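S.K.: The sequence and its predicted three-dimensional model are supplied below.
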Amino acid sequence: AQSVTQLDSHVSVSEGTPVLLRCNYSSSYSPSLFWYVQHPNKGLQLLLKYTSAATLVKGINGFEAEFKKSETSFHLTKPSAHMSDAAEYFCVVSPNDYKLSFGAGTTVTVRA
Amino acid sequence: KAGVTQTPRYLIKTRGQQVTLSCSPISGHRSVSWYQQTPGQGLQFLFEYFSETQRNKGNFPGRFSGRQFSNSRSEMNVSTLELGDSALYLCASSVGLTSGNEQFFGPGTRLTVL
């Protein structure tokens, strides 16, 4: 079975400092991996996706993620957090069966 | 291009009733997926339709069903509602040609079962 584990349920950072959200996946073959963000009372928005083209993936709003097959990880980073980054972030795996399997989510709080 | 739309946005039902939720995908998208989001279970996959055929389904009881029409619009139905069915139901559409295609989500339908 394919799954993702988000290692932190909650991350708190100060505005202007780096953000790191950790995600490990398990899959029997090379999956597609995504990060989605959900702001309060809003739908899910795709930040970035990995589909085996390049291991370092750049997304929207300054986010990027690095795919490390040896570590089965797909961590999300941003060099400098902004207040508008406060939201819930989901690491998502999509094996070859047209469904998305979501991690439990990481809530990001940004302190002024 | 218009995004994914879901109707209604909010619903209140009582136990034992049934409910139908509707999803209109982005124009040109042939795949529609449904997800249930609850605080306890997180986001869980319900089913996915492509060209009116169900290609995959999650681990939900038979009370949860869906269908897709020739214009790619989709409906999901929940019969004999239970308190535990209270959730945000999200619909997502994609081109659907490969599993790696990006899925675009609608704003969701908030269902409350009393």
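M.R.: In hand now; what should we look at?
S.K.: wait, does the helix or strand containing residue A:66 make contact with chain B?
M.R.: Per DSSP states H and E, residue A:66 falls inside strand A:64-68. No - applying C-beta under 8 Å from any C-beta of the partner chain, one finds strand A:64-68 out of contact with chain B, separated by at least 13.0 Å. No exception for glycine: its C-beta is placed from N, CA and C like everyone else's.
S.K.: Taking strand A:64-68 as reference, get the angle to whichever helix or strand comes after that strand.
M.R.: Sequence order places strand A:73-78 as the next helix or strand after strand A:64-68, per DSSP H and E. Using axes from the mean of the first three to the mean of the last three C-alpha atoms, to 10 degrees, the direction of strand A:73-78 lies 160 degrees away from that of strand A:64-68.
S.K.: Could you pull out the buried residues of strand A:73-78?
M.R.: Neighbour counts over strand A:73-78 (16 or more other C-beta atoms under 10 Å in any protein chain shown) mark A:73-76, A:78 as buried.
S.K.: Helix or strand next in line after that strand, which one?
M.R.: By DSSP H and E, the next helix or strand past strand A:73-78 is strand A:87-94.
S.K.: quick check: angle from that following strand to strand A:64-68?
M.R.: Using the same axes, to 10 degrees: strand A:87-94 against strand A:64-68 is 40 degrees.
S.K.: For the helix or strand just after strand A:87-94, which helices and strands make contact with it?
M.R.: Reading on from strand A:87-94 to the C-terminus, the next helix or strand found by DSSP H and E is strand A:101-102. With contacts defined as 3 or more C-beta pairs under 8 Å, 6 or more residues apart in numbering or on different chains; DSSP states H and E, the packing partners of strand A:101-102 are strand A:3-6, strand A:87-94, strand B:42-50.
S.K.: A helix includes residue B:84, no?
M.R.: Yes - judged by DSSP: H, G, I helix; E, B strand; the rest coil, residue B:84 forms part of a helix.
S.K.: Show the model's pLDDT score for the residue nearest the centre of chain B.
M.R.: Nearest residue to the geometric centre of chain B (C-alpha atoms, centre = their mean): residue B:34, 3.1 Å. Residue B:34 is assigned a predicted lDDT (pLDDT) of 97.
S.K.: Just give the nearest non-adjacent residue to it, would you?
M.R.: Nearest in space to residue B:34, with sequence neighbours left out and distances taken as C-beta to C-beta, 6 or more residues apart in numbering or on different chains, is residue B:46 at 4.1 Å.
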